[in-house]
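K.L.:
following is a predicted model, sequence given first.
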Amino acid sequence: MIAVLAGGLAPAPLTIAYAKPGAPQQGFCRNADPLPRLDAEVQPPRPQQTGVPMTKGGKRERDDKSSADYAPMAPPPPPPPPPPPPPPMAPPPPSYDSAAADVVVTGSARSGSSAAVSAVGSGESVRVAPTAPPPASTSPVPGSSSDYTGRPVPVPPRYIPPQPQSGILTAGEHDDLLNPELYAAYVNRTDLGQDIRALPRVDTMRVVTVKVNDRNGQPIPFADVVVTCSDGNSITMATQADGSAVFFPGLDRLSERITVSARKAGRSIADARPVLVSDAPGGQVVGLTASQAATKATKLDLMLVIDTTGSMGDEIRYLQSEMRAIIASITAKHRDLDIRVGFVFYRDIGDEYVTRTVIFDRDIGRAQGTLAAQYATGGGDYPEAMDQALIRAVGQEWRPDAVKSLLLVADAPPHNEQFGRTWAAAEAARARRIHITPVAASGVADEAEYAMRAMAAATQSRYLFLTDDSGVGNAHAAPAIDCYLVTRLDALVRRVIDSQISGRRIEPEDSEVIRSVGQYDAGKCILPADFKWQDQ
């Protein structure tokens, strides 16, 4: 069920960190499969350059973003001189219409047949000469030698529609880890896991959450939590900014008895603790007290993975404005953070490009220009190359000591036959501790929602979805969610990323709420007393 989750900076060569495939895993404590392999990303051809220094071998020197050498290029020959212009034509003698009528200024009066005109505000008359017709045209005949000026004909610039202002789109969000019963009921009700076998079941009803705090109760981010199963196999997963790492006994194939410990920089920071994994529905919390003091996150890696196919055309310009405003707001608010931004824009097989990757960059202005240069086209059928986009994004050089946030902006799922490697990319993101936060645009149907929600739950993130409240774009399908608040999209995404940085959930102010659906309480839906998820 699962997962998956662009003038500006030119796409840079990819460096993807792939794991080496090994033998099929047996026993307990299952680790994520290797990140699927892709062929090298096809880059658009680069024009040959002149005026670049030559090396001894006769090749041009590379700049820091070049991936190929260029052969020297001879300068083009000068253009031929223009032909001599023909002698100028003598203008015809002026002729006047003998029957020219008198011209009368407003407020004047005719006086017989004279051409007298009364000056406004006076009784005097002023004689105005009759107007001569324009002289015969002396313009050269188009296409003749006299039409050639020797100067290039100016070409009007391509029209670029103005960017809409930000703060227009509206959205809601849902955290399936906070609502495990509702998510379990949703999975049972949709039954998409039976239709698409490549979508594994993320059982939110059985969760083991390990929290690592210092002696003052403050969370320790980026500590490695090691879960060792009864057969000696182990899983290592780093804590997020809130000091937690979430394990799913079914997905991770945990044994009944496990041992949990924590370390940082290769050194043990908490004593090992034995844990009996419950087989009954319900979450378990395992607390570890670290021997070192807590520190705050100082780095943020933000990756935007954006569907730029034609079906996104109704909202892409608005989404660009929203995302640019979000990036600007985050960088302004967190000036103490070392922030990098990257992109993967994607379409589908047979389009102008399948994926276009822009590696992480600290130059926020350049990143903003890259985003503004994108446009929506291509696609055709409903599914898109989401699998390749996620593989490219997860394979980038994410910093281990940074908050890692991936926004997936899309309106369609991957192709059915690619759900397997889409989920593999999501599991690889989870292993690297990347939050995948989907932003579901108009057109999202059952398969896409199912996949995006599973991905968000697995990576300790939330599912975001656009609503019709803005009046922008095509109609948005109502999500299969019982309760949520509708706010502006830009404010919502900022809150989500701020929560990922600070390690605490941030709720909207009352003044930010446009409308509410169901009984919402700080991210949780209040359930009826007789609610049974098995019966849904």
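P.N.:
Happy to help now that I have it.

K.L.:
remind me which residues of the stretch 401-536 of the chain are low pLDDT?
P.N.:
Residues of the stretch 401-536 of the chain meeting the criterion pLDDT under 70: 535-536.

K.L.:
can you map out the helices along it?
P.N.:
Remark: helices assigned in the stretch 401-536 of the chain by DSSP state H, counting those that start in this stretch are 419-431, 446-458, 489-502.

K.L.:
could you do the stretch 151-300 of the chain as well?
P.N.:
Using DSSP H, counting those that start in this stretch, helices in the stretch 151-300 of the chain cover 180-190, 192-195.

K.L.:
residue ranges for the strands of the stretch 101-250 of the chain, please.
P.N.:
Remark: strands assigned in the stretch 101-250 of the chain by DSSP state E, counting those that start in this stretch are 116-118, 125-127, 170-174, 206-213, 224-229, 234-238, 244-247.

K.L.:
and those strands, which is most packed in?
P.N.:
The highest mean neighbour count among the strands of the stretch 101-250 of the chain, using mean count of other C-beta atoms under 10 Å, belongs to strand 170-174: a mean of 25. The C-beta positions use only the backbone N, C-alpha and C, and glycine is treated the same way.

K.L.:
what's the angle between that strand and helix 180-190?
P.N.:
For strand 170-174 against helix 180-190, the angle by axes from the mean of the first three to the mean of the last three C-alpha atoms, to 10 degrees is 100 degrees.

K.L.:
picking up where we left off before, dump the helices of the stretch 151-300 of the chain into JSON lines; add mean neighbour count, distance to H415 and mean pLDDT as well.
P.N.:
Below are the helices of the stretch 151-300 of the chain laid out as JSON lines (neighbours: other C-beta atoms under 10 Å; distance: least, C-beta to C-beta, whole Å; pLDDT from 0 to 100):
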{"stretch": "helix 180-190", "mean neighbour count": "19", "distance to H415": "19", "mean pLDDT": "91"}
{"stretch": "helix 192-195", "mean neighbour count": "14", "distance to H415": "14", "mean pLDDT": "66"}
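
K.L.:
closest one to A245 among the ones you listed?
P.N.:
Nearest to A245, of all those, is helix 180-190, at 17.1 Å by C-beta to C-beta.

K.L.:
which strands and helices sit next to the closest one?
P.N.:
In this structure, helix 180-190 packs against helix 446-458, with contacts taken as 3 or more C-beta pairs under 8 Å, 6 or more residues apart in numbering; DSSP states H and E.

K.L.:
compute the inter-axis angle for the helix it packs on and strand 170-174.
P.N.:
Per the same axes, to 10 degrees, the angle that helix 446-458 makes with strand 170-174 is 60 degrees.

K.L.:
which parts of helix 446-458 are buried?
P.N.:
Neighbour-count burial for helix 446-458, counted by 16 or more other C-beta atoms under 10 Å, picks out E447, A448, E449, Y450, A451, M452, R453, A454, M455, A456, A457, A458.

K.L.:
against Y346, how distant is the fourth one?
P.N.:
To tie it back to what came earlier, the one meant is Y450. 20 Å (C-beta to C-beta, to the nearest Å).

K.L.:
likewise R392?
P.N.:
From R392 to Y346 the distance is 8 Å (C-beta to C-beta).

K.L.:
what sits in contact with each of the two?
P.N.:
Residues touching both R392 and Y346 comprise T355, with contact defined as C-beta atoms under 8 Å, 6 or more residues apart in numbering.

K.L.:
what does stretch 308-317 contact?
P.N.:
Residues from elsewhere that reach stretch 308-317 (C-beta under 8 Å, 6+ apart): 6, 161, 163-164, 169, 319, 345-348, 351, 374-380, 382, 384, 411-412, 441-443, 466, 472-474.

K.L.:
over to stretch 365-382?
P.N.:
Residues outside stretch 365-382 that contact it (C-beta under 8 Å, 6+ apart) are 6-9, 163, 304, 306, 308-313, 316, 320, 323-324, 327-328, 341-343, 345, 347-348, 350-352, 358, 361, 412-413, 445.
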